[in-house]
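> Kindly generate the corresponding structure for this input.
(chains A and B)
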Amino acid sequence: DAGVTQSPTHLIKTRGQQVTLRCSPKSGHDTVSWYQQALGQGPQFIFQYYEEEERQRGNFPDRFSGHQFPNYSSELNVNALLLGDSALYLCASSLGQGNHNSPLHFGNGTRLTVT
Amino acid sequence: GESVGLHLPTLSVQEGDNSIINCAYSNSASDYFIWYKQESGKGPQFIIDIRSNMDKRQGQRVTVLLNKTVKHLSLQIAATQPGDSAVYFCAETGGEGSGSRLTFGEGTQLTVNP
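Numbers count the residues shown, from 1 in each chain, chains lettered A, B, ... in the order given. The predicted model follows:
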């Protein structure tokens, strides 16, 4: 049973560039959430996708956008990268929106470094 | 804004001892709480959860206690092992419109000494 998979595992970008991160949810899950984890801190919610639409959004600027595909996989896009965007980006999947019977399962993340 | 936080950033215990990791939350509307373990280079791993209609839940070597009166959550690990060394996060969700959106605390680094 494949868990949440993310690619790439590591990425180095320059300020002003754009980046796309990818996520495949755990088998059977249909909801994908993205979190940003700065070094030494807890993950912070970016947004959640369900039925190919953004359903909830955290306090992140419009430079952060996403997409969910019919197979439930998802992409996170960040435009005009800033040094402060350097972080671990975590994808989490679950079954159904707001379903307390389906805890979030996290991938191992993509480590993004902006220089 | 309302948030979840942890009292202690680090905890060091001897192998075989019991560990207690604490967490305070401020959102009185929170109705679901989760503890995650995060090892270096990995994503958070689900440990145990508890709903607000419960005050205690036990798993394998772990127990979560919830005190809604003082908005306090704790994770107890019995017979702590070196493999338990990691950062532990509490997370909460609940309240209007929260869906499955989790709010995480800053984490406690647990170190188990052999």
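> Looking at stretch A:23-39 now, give me its mean pLDDT.
For stretch A:23-39, the mean per-residue pLDDT is 95.
> What is the end-to-end distance of it?
End-to-end distance of stretch A:23-39: 21 Å, with C-alpha to C-alpha, to the nearest Å as the criterion.
> ok, residue 15 - how many residues close by?
Using chain A. Residue A:15 has 11 neighbours, counted by other C-beta atoms under 10 Å in any protein chain shown. For every residue, glycine as well, the C-beta is placed using N, CA and C.
> if you could check chain B rather than the one you did, that'd help
Neighbour count for residue B:15, taken as other C-beta under 10 Å: 13.
> Show me where chain B has its helices.
Counting by DSSP state H, chain B has no helices at all.
> Quick check: residues of it near chain A?
For chain B, the residues in contact with chain A (C-beta under 8 Å from any C-beta of the partner chain) are B:4, B:31-32, B:34, B:36, B:41-46, B:49, B:51, B:89, B:91, B:93, B:97-107.
> Out of the residues you listed, list just those in strands.
Of the residues of chain B next to chain A, the ones assigned to strands by DSSP state E are B:4, B:31-32, B:34, B:36, B:45-46, B:49, B:51, B:89, B:91, B:93, B:103-104.
> pLDDT check: weakest of the residues you listed?
Of all these, residue B:4 carries the smallest pLDDT score, 57.
> partners of residue B:91 in the sheet?
Beta-bridge pairing for residue B:91 (DSSP bridges): residue B:34, residue B:104.
> can you pull the contacts of it?
Residue B:91 is in contact with A:42, B:4, B:33-36, B:102-105, counting by C-beta atoms under 8 Å, 6 or more residues apart in numbering or on different chains.
> Equivalent analysis for residue A:12, please.
Contacts of residue A:12 by C-beta under 8 Å, 6+ apart are A:112-115.
> Equivalent analysis for residue A:104, please.
A:33, A:92-94, B:34, B:46, B:100, B:102.
> quick one: which two of the contacts of residue A:12 are the most distant?
Maximum pairwise distance among the contacts of residue A:12 (C-beta to C-beta): 10.7 Å, between A:112 and A:115.
> What number of residues are in the vicinity of the nearest residue to residue B:78 once chain neighbours are set aside?
Closest residue to residue B:78 apart from its sequence neighbours, by C-beta to C-beta, 6 or more residues apart in numbering or on different chains: residue B:61 at 4.8 Å. Neighbourhood size, residue B:61 [other C-beta under 10 Å]: 14.
> Help me confirm that residue B:61 comes into contact with residue B:79.
Yes. Under the criterion of C-beta atoms under 8 Å, residue B:61 makes contact with residue B:79 at 6.4 Å.
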